[in-house]
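**Student:** let's see this in three dimensions:
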Amino acid sequence: MHINVIGAGLAGCEAAMQIASHGIEVHLYEMKPNKKTPAHHTEKYAELVCSNSLKALRVESAAGLLKEEMRRLDSFLMKCADACRVPAGGALAVDRDIFSSLATEGIKNNELIKVYEEEVCEIPKDEITVLASGPLTSEPLAEYIRGMFGSSLSFFDAAAPIVTAESIDMEYAFCASRYDKGDGDDKSTFA
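**Tutor:** Below you'll find the predicted structure:
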């Protein structure tokens, strides 16, 4: 038995290592080096294409809390990040080259992970598959996924979700200012 993981970015590398840590064989598919997007700069895995920052460290923030939870769950990528951390104030920033090198070496040296450097254009049927291709999904795979879910599927990168006011149940909505700075909007703003 094996589990497929499509994409060797941050999510794909973490998923592959976590699955392998439970003694399960992983087939990791990555389209690089054969195919790259304009955002890709290297052939390494877990390439931080937008930034070297993994955002806030303070556990009072969602990003900081997530990193703390990942550390407690023995996250492979958090170990990589902590090993190549660079000064960044209250954020966790890394040396991008060292980070992706550590991630790539860890994946390639794990005997339970078999890497296939090829583009995946369809999700394998009747196999457990983790789709971790993210916003850099190749167009053929994106079209296949859109075909599965209809035209409502969109890929966004580092964008806040867009929510329409009519989709919010105001009985449960909470309004406040960001970081407790300034006045929070009241619910009448959305009416």
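**Student:** the residue lying closest to S21 once chain neighbours are set aside: neighbouring residues, count only.
**Tutor:** Of all residues not flanking S21 in the chain, D74 sits nearest, at 7.4 Å (C-beta to C-beta, 6 or more residues apart in numbering). From N, CA and C alone the C-beta is placed, and that goes for glycine too. Residues contacting D74 under the criterion other C-beta atoms under 10 Å number 11.
**Student:** how near is D74 to S51?
**Tutor:** Distance, D74 to S51, by C-beta to C-beta, to the nearest Å: 25 Å.
**Student:** re earlier: hang on, isn't the residue nearest to S21 packed against M17?
**Tutor:** No. At 9.4 Å, D74 does not count as touching M17 under the criterion of C-beta atoms under 8 Å.
**Student:** which stretches of the chain form strands?
**Tutor:** Remark: strands assigned in the chain by DSSP state E are 2-6, 25-29, 53-56, 85-86, 91-94, 113-116, 129-131.
**Student:** lowest-confidence stretch among those?
**Tutor:** With a mean of 88, strand 53-56 has the lowest mean pLDDT of these.
**Student:** for that strand, packing partners?
**Tutor:** Judged by 3 or more C-beta pairs under 8 Å, 6 or more residues apart in numbering; DSSP states H and E, strand 53-56 is in contact with helix 62-72, strand 91-94.
**Student:** dump the ones you listed to JSON lines, plus mean neighbour count.
**Tutor:** Listed next are the helices and strands packed on strand 53-56 as JSON lines, based on neighbours: other C-beta atoms under 10 Å:
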{"stretch": "helix 62-72", "mean neighbour count": "15"}
{"stretch": "strand 91-94", "mean neighbour count": "20"}
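**Student:** the closest residue to A91 other than its chain neighbours pairs with what?
**Tutor:** In space, and not counting its chain neighbours, A91 is closest to S53: 5.1 Å by C-beta to C-beta, 6+ apart. For S53, the beta-bridge partners under DSSP bridges are A93.
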